[in-house]
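In: Output the structure for:
(one chain, ligands or ions: 1)
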Amino acid sequence: MALNEYRKKRDFSVTPEPSGDGRAGEGNTARLIYVVQKHRATQLHYDFRLEWSGTLLSWAVPKGPSVDPSVKRLAMQVEDHPIDYANFEGVIPEGEYGGGTVMVWDKGTWEPESPDVDAALKKGDLKFSLHGEKLIGSWVLVRTRGFGSSSGRSSWLLIKHRDQFALERDIAGDEPRSALTNRLLAEIARDEGGDVEKAATGDPPVKKAATGDRAAEKAASSRAPKSKKAGVRKHQRSSSR
Ligand code: MN
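Out: As a prediction, this is how the structure comes out:
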């Protein structure tokens, strides 16, 4: 399988990420998994993943997908990930590969529009439809000859096709919460023992509000220093819904 690089980079006695030992792919094209994981590692990025041939083909999209067809987003292909990675939301310990907070930002299924997926990948022009909760409709991944191609990584562009689901809006900024748990990055970090302050830098900036505004208070307290985490957690439990 193509998971050697994935496994080589990770110590599964330390990171909670799946090792990929559990499931081999069945090559079932009826319901292929699609997932986008928002990942506050060294740099914030969105990991765009499509199930194919028993693994998740993966691209790191620094700015996240755009539903505006005039906006092309750089997508660096990274190592294939195991299928069960699609459900991973949590904290990769600092010091480990990709250390930081991971959110399942969007999930669903995908369908190839290119008739021969392997040929399309080889050619560097894969057309597909997404059936996600946030991303829907027709898209394309096109490989470029630009920078990044020398390091064994290839750079691609992720582009929304013009269809009824195309919109001029910033979906990554407008819909910052988990498709799995509705949490922000800072809330995932708080719940899973991660670096809340670092994770919060991947969430939208807190809007200025009048003193006493509960939402602002809550957001501010989730950015409190790590040493106060226990107290913050207690406060948030008692004050949240
Ligand atoms: Mn990542």
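In: wait, isn't residue 172 in contact with residue 46?
Out: Yes - taking contacts as C-beta atoms under 8 Å, residue 172 lies within contact range of residue 46: 6.9 Å. Placement of C-beta: from N, CA and C, glycine included.
In: Let me see the contact set for the residue nearest to residue 99 when sequence neighbours are not counted.
Out: In space, and not counting its chain neighbours, residue 99 is closest to residue 92: 5.1 Å by C-beta to C-beta, 6 or more residues apart in numbering. Shown in contact with residue 92 (C-beta atoms under 8 Å, 6 or more residues apart in numbering): 15, 16, 17, 41, 98, 99, 100, 101, 102.
In: Find residues that contact each of residue 172 and residue 46.
Out: Common contacts of residue 172 and residue 46, defined by C-beta under 8 Å, 6+ apart, comprise 63, 64, 65, 105.
In: What distance do you get for the second one to residue 21?
Out: By that I understand residue 64. Here residue 64 is placed at a distance of 30 Å from residue 21 (C-beta to C-beta, to the nearest Å).
In: Of the two, which one has the most company?
Out: Between residue 64 and residue 21, counted using other C-beta atoms under 10 Å, residue 64 has the larger neighbour count: 20 against 11.
In: What does the pLDDT read for that one?
Out: Residue 64 carries a pLDDT score of 98 in this model.
In: what is residue 143 paired to in the beta sheet?
Out: When bridges are called by DSSP bridges, residue 143 pairs up with residue 156.
In: Measure how buried it is and give me the count.
Out: By other C-beta under 10 Å, the residues close to residue 143 number 18.
In: Contact partners for it?
Out: Per C-beta under 8 Å, 6+ apart, neighbours of residue 143: 124, 125, 154, 155, 156.
In: What does the second one show for phi and psi?
Out: So the one you mean is residue 125. Note on residue 125: its backbone torsions stand at phi -160, psi 90 [degrees, to the nearest 10].
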